[in-house]
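Q: Please find the sequence and the predicted model below.
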2 protein chains.
Amino acid sequence: MKKQSYHHGDLRSALVETGLRLLREKGDGDIGLREVARETGVSATAVYRHFPDKDALLHALARAGYEKLFDAQEAAAAGKPDREQAFRATGQAYVHFAVANPALFGLMTAYMPAAGEEEALALSTESRAGVSLRENIAALMPEGSGRRAQDIAAIQAMALVHGLAQLVIGGQVPNDPELIDAAVDQFGDWRHSHAQAES
Amino acid sequence: MKKQSYHHGDLRSALVETGLRLLREKGDGDIGLREVARETGVSATAVYRHFPDKDALLHALARAGYEKLFDAQEAAAAGKPDREQAFRATGQAYVHFAVANPALFGLMTAYMPAAGEEEALALSTESRAGVSLRENIAALMPEGSGRRAQDIAAIQAMALVHGLAQLVIGGQVPNDPELIDAAVDQFGDWRHSHAQAES
DNA sequence: ACGCCAATCTTAACAATGTAAACATAGCGA
DNA sequence: TCGCTATGTTTACATTGTTAAGATTGGCGT
């Protein structure tokens, strides 16, 4: 399997793969260009044939992470009975993915695609997650909801899962899957919830 | 005002101050130990008389940031008519502070005090913000709310403001103070909001 | 008032990092 | 087969965090 010829064959993919592995193994999120090259069995400057600089390498890693996240979200949504449950499942999948891959998630947030100036809400006309979020919000909001109300709801949904992920990773919220799912599920009725689910 | 004697007098405070200044000036959050020392007009290794390593210096900066944040939150809450408005004001102050000081806020989240294992909810018996958050939640929740429901509500509140701050800083949500305030204010009734504030 | 001591700051040095420049290898088309 | 170009390598440099050894000085006991 190992080609140890002078030319590697497909180095770019190999670098991304070892990068993901290092992010999985080391708790802290800071990986080095030299470290990735060394672990791939290649010399440091070889990286520059495939990435203009370290930032580009990390950007590629973040991009790979986003695709994994989207896959996980789609898998979680698939097979849910109604749209609302599917929507909540995507939110829970977001948090669970982040908690399961803290270093990678950190990179992803550090290299989050900043939205263009033209769009009022930035999350985001280009990404799969952005459009599906908007669709779901629009479908689940009450009938007469205006554009602005939908924007706010979308922002709240994004902020909740994103913030929750960070809090669990940071250790401010205990890593309890039931608690996480409940926090996402009960989004929207925190002042109205009288029943306390004793499971 | 400038002592240029061999001994600086109060170097530790000076280092923290220039650290805060650098975080304010440079957009990206990564400041170096040598950079702080150089800008303070002192040699790099002098830092080690006051901090065991770079991490300790950054930790002190984060700590200073938290105190500023708490002050801002208290100032925002002061003078509000009822408790609910005061509570929402603290949430808005959190986001506004983060957006106004993105690099410092990044450090703060990176060095967030992880909660001890013993407490179910981690935010937190030690910090001012933690207790006031719990008090407010308990006071604003409906009468028969159980402990778990309060925990979930507190987590949701923290996650919302924290995530919102990150999204605005990251550029995924436009930096519009009215939008931010609305997203915090309308927390809890995203599916029930029919009226759209055309302000 | 004097002397020394311990706290504070300095310079010198080391390993590791990101990156640029110059050189080496080999796969592939003429 | 020859040579060109894509792909790696070695070397070198500036910068960083950190340690070790030496310089400076404010303050305390006598």
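A: The structure has been received and is ready for your questions.
Q: can you give me the strands for chain A?
A: Here chain A has no strands by DSSP state E.
Q: Residues of it that sit close to DNA strand D?
A: A:6-9, A:11, A:42-46, A:49-50 (CB under 7 Å from any atom of the strand). For every residue, glycine as well, the C-beta is placed using N, CA and C.
Q: Show the residue spans covered by the helices in chain A.
A: Here chain A has its helices, by DSSP state H, at A:11-25, A:33-40, A:54-77, A:83-100, A:102-110, A:128-140, A:147-170, A:177-185.
Q: Make JSON lines out of these and add mean pLDDT and mean neighbour count.
A: Supplementary listing: the helices of chain A in JSON lines, determined by pLDDT from 0 to 100; neighbours: other CB atoms under 10 Å in any protein chain shown:
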{"stretch": "helix A:11-25", "mean pLDDT": "98", "mean neighbour count": "18"}
{"stretch": "helix A:33-40", "mean pLDDT": "98", "mean neighbour count": "18"}
{"stretch": "helix A:54-77", "mean pLDDT": "96", "mean neighbour count": "18"}
{"stretch": "helix A:83-100", "mean pLDDT": "96", "mean neighbour count": "20"}
{"stretch": "helix A:102-110", "mean pLDDT": "97", "mean neighbour count": "21"}
{"stretch": "helix A:128-140", "mean pLDDT": "84", "mean neighbour count": "17"}
{"stretch": "helix A:147-170", "mean pLDDT": "94", "mean neighbour count": "24"}
{"stretch": "helix A:177-185", "mean pLDDT": "96", "mean neighbour count": "19"}
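Q: burial count for A:D28?
A: By the criterion of other CB atoms under 10 Å in any protein chain shown, A:D28 has 9 neighbours.
Q: For A:G106, see how far away it is.
A: Look at A:D28 and A:G106: by CB to CB, to the nearest Å, they are 9 Å apart.
Q: ok, and the closest non-adjacent residue to the residue of chain A found nearest chain B?
A: Taking CB to the nearest CB as the measure, the point where chain A comes nearest chain B is A:G163, at 2.7 Å. Counting by CB to CB, 6 or more residues apart in numbering or on different chains, A:G163 lies nearest to B:G163, which is 2.7 Å off, once chain neighbours are set aside.
Q: Contacts only, for that neighbour.
A: A:158-166 (CB atoms under 8 Å, 6 or more residues apart in numbering or on different chains).
Q: Name the nearest of those residues relative to DNA strand D.
A: A:Q166 (24.1 Å; CB to the nearest atom of the strand).
Q: The closest one contacts B:A165, correct?
A: No - using CB atoms under 8 Å, A:Q166 makes no contact with B:A165, being 9.9 Å away.
Q: returning to what we had before: save the helices of chain A as JSON lines, and put in distance to B:L133 too.
A: Listed next are the helices of chain A as JSON lines, based on distance: least, CB to CB, whole Å:
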{"stretch": "helix A:11-25", "distance to B:L133": "32"}
{"stretch": "helix A:33-40", "distance to B:L133": "40"}
{"stretch": "helix A:54-77", "distance to B:L133": "29"}
{"stretch": "helix A:83-100", "distance to B:L133": "20"}
{"stretch": "helix A:102-110", "distance to B:L133": "23"}
{"stretch": "helix A:128-140", "distance to B:L133": "27"}
{"stretch": "helix A:147-170", "distance to B:L133": "12"}
{"stretch": "helix A:177-185", "distance to B:L133": "15"}
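Q: closest one to B:A89 among the ones you listed?
A: Smallest distance to B:A89 across these (CB to CB): 17.6 Å, for helix A:147-170.
Q: Distance from that closest one to the middle of the chain?
A: How far helix A:147-170 lies from its chain's middle: 13 Å, per CA atoms, centre = their mean, to the nearest Å.
Q: Report the inter-axis angle for it versus helix A:102-110.
A: 150 degrees (axes from the mean of the first three to the mean of the last three CA atoms, to 10 degrees).
Q: The contacts of B:G163: which two are farthest apart?
A: A:M158 and A:Q166 (12.4 Å).
Q: you'd agree A:R12 is up against A:V47?
A: No - A:R12 is beyond contact range of A:V47, at 9.2 Å (criterion: CB under 8 Å).
Q: what number of residues lie near A:Y48?
A: A:Y48: 14 neighbours (other CB under 10 Å).
Q: which residues touch it?
A: Taking CB under 8 Å, 6+ apart as the criterion, A:Y48 is in contact with no other residue.
Q: same question, the one 10 residues further on
A: Neighbour list for A:L58: A:19, A:31, A:107, A:110-111 [criterion: CB under 8 Å, 6+ apart].
Q: Out of these, which is nearest to A:A129?
A: Of the contacts of A:L58, the one sitting nearest to A:A129 (CB to CB) turns out to be A:Y111, at 15.0 Å.
Q: Using PDB, write out every CA atom in stretch A:33-44.
A: Below are the C-alpha coordinates for stretch A:33-44, written out as PDB (Å, rounded to 0.1, in the frame of the first residue of the first chain):
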ATOM      1  CA  LEU A  33       2.600  22.400   9.200                       C
ATOM      2  CA  ARG A  34       5.800  20.600  10.000                       C
ATOM      3  CA  GLU A  35       4.100  18.200  12.200                       C
ATOM      4  CA  VAL A  36       1.600  17.200   9.500                       C
ATOM      5  CA  ALA A  37       4.400  16.900   6.900                       C
ATOM      6  CA  ARG A  38       6.500  14.800   9.300                       C
ATOM      7  CA  GLU A  39       3.600  12.500  10.200                       C
ATOM      8  CA  THR A  40       2.800  12.000   6.500                       C
ATOM      9  CA  GLY A  41       6.400  11.000   5.900                       C
ATOM     10  CA  VAL A  42       7.300  13.900   3.700                       C
ATOM     11  CA  SER A  43       9.500  17.000   4.100                       C
ATOM     12  CA  ALA A  44       8.000  20.200   5.400                       C
END
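Q: Now tell me what touches it from outside.
A: In contact with stretch A:33-44 (CB under 8 Å, 6+ apart) are residues A:4, A:8, A:11, A:14-15, A:18-19, A:21-22, A:46-47, A:54, A:57.
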